[in-house]
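K.L.:
I would like the atomic coordinates for the input below:
(one chain, ligands or ions: 1)
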Amino acid sequence: MKYALYIAWNDSNNLGIPIIDEQHRGIVATINSLHYFIQEGKGLDALKPTLNILEEYTHIHFKTEEAFMKISSYPGFEDHVTLHEGLMKKTLEITREAVSYKEPELTLKFLKEWWIGHINKEDKKYAPYIKKELGIQ
Ligand SMILES: [Fe+2]
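P.N.:
A predicted model of the protein is given here:
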């Protein structure tokens, strides 16, 4: 269907930590906007502004997640931060390819796979721990 969302948020992606879930939805919304512009044939023009927004917002988001991990003394903190640190480098690498091949879909696909995979695999490792430590219902 034309104009369908690239990533439809599913409640199974929620961690149950409201601000983190909200930020994840914000990131997904930005990825969906890139998809919209790609469909409109304006993907290459949209890449730079989209990535600028994502970079700044992702920075805020990672700081939030890392603060939650820190105050609850989550034992996987260091490993998780390493995963966060790899994202921007990988995004820039893929985007360089996307620009040289004129295929903004490469960045789009990478972002979807990284974020949905990260949320559902890596973030779900810390969520129960943090919720228990901080008494989040
Ligand atoms: Fe994370």
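K.L.:
Tell me which helix or strand the residue nearest to M88 when sequence neighbours are not counted sits in.
P.N.:
Among residues not flanking M88 along the chain, E55 sits closest, at 6.5 Å (CB to CB, 6 or more residues apart in numbering). (Glycine included, C-beta is placed from N, CA and C.) Here E55 is covered by helix 43-71, with elements defined by DSSP states H and E.
K.L.:
need the next SSE after that helix, C-terminal direction.
P.N.:
helix 77-100.
K.L.:
give me every residue that touches the nearest residue to F68 once chain neighbours are set aside.
P.N.:
Leaving aside its chain neighbours, F68 sits nearest to I130 (5.3 Å; criterion: CB to CB, 6+ apart). I130 makes contact with I17, F68, M69, S72, Y74, I136, according to CB atoms under 8 Å, 6 or more residues apart in numbering.
K.L.:
wouldn't the third one be in contact with H80 here?
P.N.:
Yes - look at M69 against H80 with CB atoms under 8 Å: they come within range, at 6.5 Å.
K.L.:
Span of stretch 14-21 from start to end?
P.N.:
End-to-end distance for stretch 14-21: 6 Å, by CA to CA, to the nearest Å.
K.L.:
What are the buried residues along that stretch?
P.N.:
Neighbour-count burial for stretch 14-21, with 16 or more other CB atoms under 10 Å as criterion, is recorded at N14, L15, I17, I20, D21.
K.L.:
and if you look at stretch 98-108?
P.N.:
Under 16+ other CB under 10 Å, the buried positions of stretch 98-108 are A98, P104, L106, T107, L108.
K.L.:
Now do the SS call for the spatially most central residue of the chain.
P.N.:
Note on the chain: the residue nearest the mean C-alpha position is W115, at 4.0 Å, using CA atoms, centre = their mean. Secondary structure state of W115, per DSSP: H, G, I helix; E, B strand; the rest coil, is helix.
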